[in-house]
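Participant: Using only what follows, build the 3D model:
(one chain, ligands or ions: 1)
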Amino acid sequence: MGPPPVVADVRRAVRHALADLEPGDLVLVACSGGADSLALAAGLGAVAPRAGLRAGLLTVDHGLQEGSPDRAADVVRLAPALGLLGPVEALSVSVGISGGPEAAAREARYAALSEAAGRLGAAAVLLGHTRDDQAETVLMRLTRGSGTRSLAGMPARAGLYRRPLLGLGRATTVAACAALGLSPWDDPHNLDPRYTRVRVRERLLPALEEGLGPGVAEALARTAALCRDDADALDEWADAVYARAAVPDSALSDIGAVAVTVSEVAGVPAAVRRRVLRRAAIEAGAPPGTLAAWHILQVDRLVTDWRGQRRIEVPGGVGAVRRCGTLVFARQSVRPVL
Ligand SMILES: Nc1ncnc2c1ncn2[C@@H]1O[C@H](COP(=O)(O)OP(=O)(O)OP(=O)(O)O)[C@@H](O)[C@H]1O
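Facilitator: Numbering: from 1, shown residues only. Here you go, the predicted structure:
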């Protein structure tokens, strides 16, 4: 008799996500002890031996909640029973408060996971995000007025990180844990309505399903996948335009400034042009995370309708300045040199 269907679903998803790895490669699962990452850890433990992969586990103790060291210790103890026979580590991080405790904890967590993965020579680190997490992410971004790249949600792969469970619902991971006799940890944050994500999960999505019928989460996840394809195509197009439009001027690149020829970008579709401008701003030093769509819309007006307006400031102390036939992006500190 095979495993219960929900357990088989998780294993299939893990197998599919790891299909390109070579025997002997090390795969680590980032496990909080919650249902999603616990089901994922069990899936990895079952799949790795047959694929000839080495499998280990990382759990992060943010030190923000009472009992979190005990939770981390429980996860570490459980790992061998799940079939994870490679390195298993509990990583302690100290979390600052800038940008809110949620964002700070996430940043510290990814830094610790990346450091450990590098030190241990891992070929991949698995994260337990599910289709429901994806739907919540897309809904939050939709209501902030995002473009296709942002509506594409979380990628199945980014660098070392992989998200094998993006095609499965949270109900599957909960059922898989139950079928395997595992007791996931319930993060009290997951019920705290001060968090936007909790309100989206507990109130907004249920209200949407009540009003519009079931399947909203699946539909949002499908939208993310479609947006990803569109965004990838537009990025490729924008790369080609950028290669033509960027002015090869060593005096500019020496000081980290970037210039774009206006006539090369003026005639291309707005979605492509905005991507070119975004890339130029980033190359001049604007931090991608804080560069919003509306910043780029303002910069775009320097191309399409610039009478009167010559300069737009974007995050990171970077300004875009229209100078005759070019748009120059430069940090404030180097502008006097220009
Ligand atoms: N304390 C932890 N230790 C190890 N891995 C963790 C921890 N917390 C979260 N993760 C990993 O991150 C995944 C997503 O967790 P969660 O949804 O709580 O994070 P998030 O803050 O929304 O993260 P993201 O920025 O990736 O969306 C988990 O399934 C797990 O793989």
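
Participant: going forward, measure contacts and count neighbours with C-alpha atoms only.
Facilitator: Noted.

Participant: Which residue would be the closest one in the stretch 201-338 of the chain to the ligand?
Facilitator: Residue nearest to the ligand within the stretch 201-338 of the chain: residue 201 (11.5 Å; C-alpha to the nearest ligand atom).

Participant: try the stretch 151-300 of the chain
Facilitator: Here the stretch 151-300 of the chain gets closest to the ligand at one residue, residue 154, 7.7 Å apart by C-alpha to the nearest ligand atom.

Participant: So what's the residue count around residue 66?
Facilitator: 8 (other C-alpha atoms under 10 Å).

Participant: Quick one: residues contacting the residue lying closest to the residue of the stretch 151-300 of the chain closest to the ligand once chain neighbours are set aside.
Facilitator: Distances taken as C-alpha to C-alpha, 6 or more residues apart in numbering place residue 134 nearest to residue 154, at 6.6 Å, with adjacent residues excluded. For residue 134, the contact set (C-alpha atoms under 8 Å, 6 or more residues apart in numbering) comprises 153, 154, 166, 220, 221, 224.

Participant: OK, contacts around residue 282?
Facilitator: By C-alpha under 8 Å, 6+ apart, the residues touching residue 282 are residue 288.

Participant: per-residue confidence at it?
Facilitator: We have a pLDDT of 96 for residue 282.

Participant: Now for the residue lying closest to residue 120 once chain neighbours are set aside, how many residues are close by?
Facilitator: Once flanking residues are discounted, residue 120 sits nearest to residue 87: 7.9 Å by C-alpha to C-alpha, 6+ apart. For residue 87, the tally of surrounding residues (other C-alpha under 10 Å) stands at 18.

Participant: The residue nearest to residue 154: which element?
Facilitator: Using DSSP states H and E, residue 134 falls within helix 131-142.

Participant: How about that helix, which residues are buried there?
Facilitator: Of all the residues in helix 131-142, those buried under the rule 16 or more other C-alpha atoms under 10 Å are 131, 132, 133, 134, 135, 136, 137, 138, 139, 140, 141.

Participant: mind exporting the worst-scoring helix or strand of the chain on mean pLDDT as PDB, just the C-alpha atoms?
Facilitator: Sorted by mean pLDDT, DSSP states H and E, the helices and strands of the chain end with helix 250-254, the least confident at a mean of 85. Extracted C-alpha coordinates of helix 250-254, given in PDB (Å, rounded to 0.1, in the frame of the first residue of the first chain):
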ATOM      1  CA  SER A 250      33.200  55.700 -19.000                       C
ATOM      2  CA  ALA A 251      33.200  59.100 -17.300                       C
ATOM      3  CA  LEU A 252      29.600  58.300 -16.200                       C
ATOM      4  CA  SER A 253      30.200  54.700 -15.300                       C
ATOM      5  CA  ASP A 254      33.300  55.600 -13.300                       C
END
